[in-house]
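Colleague: Sequence and predicted model, in that order:
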Amino acid sequence: MIRLIDTALLDEVSAEARTAPRGRKNRNFHPRDDYPAHRLLNAIEPGSYIAPHRHLDPAKDETMVVLRGTLALVVFDDAGQVTLTQIVGTPGVLPSGRAADTVLGIDIPHGTWHTVFAFEPGTVFLEAKSGPYLPLTEAERAPWAPAENAAEAPAYLAGLRRLFS
């Protein structure tokens, strides 16, 4: 079955993200978690925190292409120091007044510490990586960053946002 990725679908998954407890929602195009190629839409709202992490499996490079909105990418070294910040998405102006770049996608090699977060409501990106889905291992979770549900997570995310001011 052919699935169309149109504004109605982006609106639908964005509405689901707005009401989701984590402030994000994905729409899988792959049929099962054990499928070898994962393709999905990720809708993410400002304030949603994805703890910095990495994928150690050499087959788990990750590609993201922003279809709507503005995403921030932050890359870290093994000690948790920021090595790269990049605005990804629709050209425009960020809340800080800074002009957004014209980078529309990113390809993140396995083993790279990273996180992303939304600058604009309704941000949606297309993600592709190999399956199967496996939860992150302890070695893939950043020991220097708060976990997703930790009390320190909102302040940590606010600090990451300030990197783009």
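Modeller: Thanks, I have the structure now.
Colleague: beta partners for Asp107?
Modeller: Thr63 (DSSP bridges).
Colleague: Surely it touches Leu73?
Modeller: No: using Cβ atoms under 8 Å, Asp107 and Leu73 do not qualify as a contacting pair, with a distance of 10.9 Å. The C-beta positions use only the backbone N, C-alpha and C, and glycine is treated the same way.
Colleague: Show me which of those two is the more surrounded one.
Modeller: Leu73 (17 against 10; other Cβ atoms under 10 Å).
Colleague: any weak-confidence spans in the protein?
Modeller: Scanning the chain for pLDDT under 70 picks out the ranges 91-101.
Colleague: switch to 80 and redo it
Modeller: For the chain, the stretches flagged by pLDDT under 80 are 90-101.
Colleague: As a check, name the ranges of all strands in it.
Modeller: 24-28, 37-44, 62-68, 70-76, 82-89, 105-108, 113-118, 123-130 (DSSP state E).
Colleague: Just the angle for the last one relative to strand 24-28, thanks.
Modeller: Yep, that's strand 123-130 we're talking about. When axes from the mean of the first three to the mean of the last three Cα atoms, to 10 degrees is applied, the directions of strand 123-130 and strand 24-28 differ by 50 degrees.
Colleague: Which neighbours in the sheet does strand 123-130 have, and how are they oriented?
Modeller: For strand 123-130, the paired strands and their directions (DSSP bridges) read strand 37-44 (antiparallel), strand 62-68 (antiparallel).
Colleague: Next, the residues that contact that strand from outside, please.
Modeller: When contacts are defined by Cβ atoms under 8 Å, 6 or more residues apart in numbering, strand 123-130 is touched by residues 5, 10, 13-14, 26, 36-46, 55, 57, 59-71, 88-89, 116.
Colleague: re the thing from before, most tightly surrounded among the strands of the chain?
Modeller: Among the strands of the chain, strand 113-118 has the highest mean neighbour count (mean count of other Cβ atoms under 10 Å), at a mean of 22.
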